[in-house]
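In: Would you be able to build a 3D model of this:
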Amino acid sequence: MTHVVCEPCYDCKYTDCCVVCPVECFYQDDFMLYIDPVDCIDCEACVPECPVSAIFAEANVPSQWSNYTQINAEKAAELKAIGGEAHITEKKEPKEGPNCKKAK
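Out: Got it, this is the predicted structure:
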């Protein structure tokens, strides 16, 4: 089992969750964060840290966002191969784009 970052993170990239991850399984692109399902240990530490409630256990991903399970797996693998700043382990300034539901 793994955890999955879903649509609420799109264009609303907060990195609070990355700091608490004991296995550093978060990756990022310009629009959102992704969890590497290979490295995730299902500890749930990231879930309460997400200010937009975008992280779900794989079994509990809402049906409208079920495609994010595959998106996380594919994007995390792609970004992991790139390395560098794609691998995120520290808190950064939030990115609140025009599609961010939390942005005011």
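
In: Going along the chain, name the helices of the chain.
Out: 16-20, 67-82 (DSSP state H).

In: Let me have the ones you listed in TSV, adding distance to D39, mean neighbour count and mean pLDDT as columns.
Out: Glycine gets a C-beta too; all of them are placed from N, C-alpha and C. Converted to TSV, the helices of the chain look like this (distance: least, CB to CB, whole Å; neighbours: other CB atoms under 10 Å; pLDDT from 0 to 100):
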stretch	distance to D39	mean neighbour count	mean pLDDT
helix 16-20	13	18	96
helix 67-82	8	17	97
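
In: Looking at those, which is nearest to C6?
Out: The closest approach between C6 and any of those, judged by CB to CB, belongs to helix 67-82 at 4.5 Å.

In: Quick one: the helices of the chain as CSV, columns for distance to I41 too.
Out: Shown next, in CSV, are these (distance: least, CB to CB, whole Å):
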stretch, distance to I41
helix 16-20, 12
helix 67-82, 14
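
In: mind showing which ranges of this protein have poor pLDDT?
Out: For the chain, the stretches with pLDDT under 70 are 103-104.

In: Quick check: P22 vs T2, distance?
Out: Using CB to CB, to the nearest Å, one obtains 14 Å as the distance from P22 to T2.

In: sorry, that was for L33
Out: Distance, L33 to T2, using CB to CB: 14 Å.

In: Alright, calling it a day.
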